[in-house]
Structures are given as structure tokens and as C-alpha cells.
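Novice: all I have is the shape, not the residue letters:
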Ligand code: FES
Ligand code: FES
């Protein structure tokens, strides 16, 4: 039997009727058409489906939609502050060539966002540890690690500039 849930995704509220066995990944992609979040392995191993729920990084393929009713969900579509500009993490991924096929990119960026929200100046080792749940078949990881280091720098400069205003 379907259950009534309310998802708050990137600040927008959605009332939905969903079967209790459907995953957050399915509901985001199929019901809300937020296809930036990818489905890779479907078993918690690749990180392609990573989203942020109430400030915690989760695998949306392993999360039931009914279990996150009323919680604050952020997906890659909500990473940038406005629809026009890219988030510094997204900019740096492009600038540093951290994207090839792009299948892992949304999950990588959400893991990077989670990491930088908790550690604004991570070491290379901390960046690699922060990405340990995300697999990429294309880039060899070095460009992704460089991009996250560059994004961290940009974000620190932005917050410094904001503080000086
Ligand atoms: S699709 Fe969720 S971890 Fe791979
Ligand atoms: S860019 Fe292809 S899987 Fe990462």
C-alpha cells in the first residue's frame, strides 16, 4: 500500500504517494525527474547515487524514500546557489578535467561537498579518504583530488571575501 510522504529537496517541498519499498534514488529520478543523481551499482558500493540528507552523506540507492520523509535532502541539482552559476566544486571539476564519462561526477561532487562542509582545508590524504566510497572508472582519481583541493581554496577565499565585506 502506498504511503504519503513529503520530501524537501533542494528547498522545494513535494508531497508524494509512494510504495514503502521504493528507494530515494528511484523517487528522485523517476518521480521528481531529478536525474542528476545517478544509479550505478544499486548496492551501496560505488557512490554514484550519493546525496546529502539532514547534513549526512547517504547512498540514495540504499535509502527508502519513506524513511526520509520530512528531512532536508540536497542533490547535485541544488549544489549551486542559483540555477545559473556553478558551485566552486563544479567549476573546479571542469577546470581540472575531473570529468570524463561523468557517471560518477554527481556522487563525487556531493561527497566533496560533504567533506568540505566539515573540513574546509583538507590534506590530499583527507580528500582521498573522503572519496573512499566513490568509484570512478575513467579519471584515475588524481584530477578529482586536484579539483577538490582547488575548490576548497576557492571556497575559503570566497568566505574570507564575504567576511571582509
Ligand atoms: S548506486 Fe548507490 S552506491 Fe552505487
Ligand atoms: S568520469 Fe567516468 S566514472 Fe568517473
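Specialist: Received the coordinates, thanks. Source: prediction; values computed, not measured. Ligands and ions are numbered 1, 2, ... in the order given.
Novice: any stretches of this protein with poor pLDDT?
Specialist: 83-84, 164-165 (pLDDT under 70).
Novice: can you show me the helices along it?
Specialist: Secondary structure of the chain by DSSP state H: the helices cover 24-26, 88-95, 105-118, 124-130, 142-164.
Novice: of all those helices, which one is nearest residue 76?
Specialist: Smallest distance to residue 76 across the helices of the chain (C-beta to C-beta): 3.9 Å, for helix 105-118. Where C-beta positions appear, they are placed from N, C-alpha and C, glycine not excepted.
Novice: what's near enough to touch the residue nearest in space to the middle of the chain?
Specialist: Centroid check for the chain by C-alpha atoms, centre = their mean gives residue 110 as the closest residue, at 2.3 Å. By C-beta atoms under 8 Å, 6 or more residues apart in numbering, the contact list for residue 110 reads 50, 51, 52, 57, 74, 75, 76, 79.
Novice: dump the helices of the chain into CSV; add distance to residue 36 as well.
Specialist: Putting the helices of the chain into CSV (distance: least, C-beta to C-beta, whole Å) gives the following:
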stretch, distance to residue 36
helix 24-26, 11
helix 88-95, 11
helix 105-118, 5
helix 124-130, 20
helix 142-164, 17
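Novice: dump those helices to a markdown table, plus distance to ligand 2.
Specialist: As requested, the helices of the chain are exported to a markdown table (distance: least, C-beta to the nearest ligand atom, whole Å):
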| stretch | distance to ligand 2 |
| --- | --- |
| helix 24-26 | 17 |
| helix 88-95 | 10 |
| helix 105-118 | 6 |
| helix 124-130 | 15 |
| helix 142-164 | 8 |
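Novice: nearest to residue 10 among those helices would be which one?
Specialist: helix 105-118 (11.9 Å).
Novice: residue 147 contacts residue 92, doesn't it?
Specialist: Yes. In this structure, residue 147 is within contact of residue 92 by C-beta atoms under 8 Å, at 4.1 Å.
Novice: overlap of the contact sets of these two?
Specialist: residue 98.
Novice: how far away is the closest residue to residue 54 other than its chain neighbours from residue 153?
Specialist: Of all residues not flanking residue 54 in the chain, residue 71 sits nearest, at 4.9 Å (C-beta to C-beta, 6 or more residues apart in numbering). Applying C-beta to C-beta, to the nearest Å, the value for residue 71 to residue 153 is 31 Å.
Novice: equivalent analysis for residue 38, please.
Specialist: From residue 38 to residue 153 the distance is 27 Å (C-beta to C-beta).
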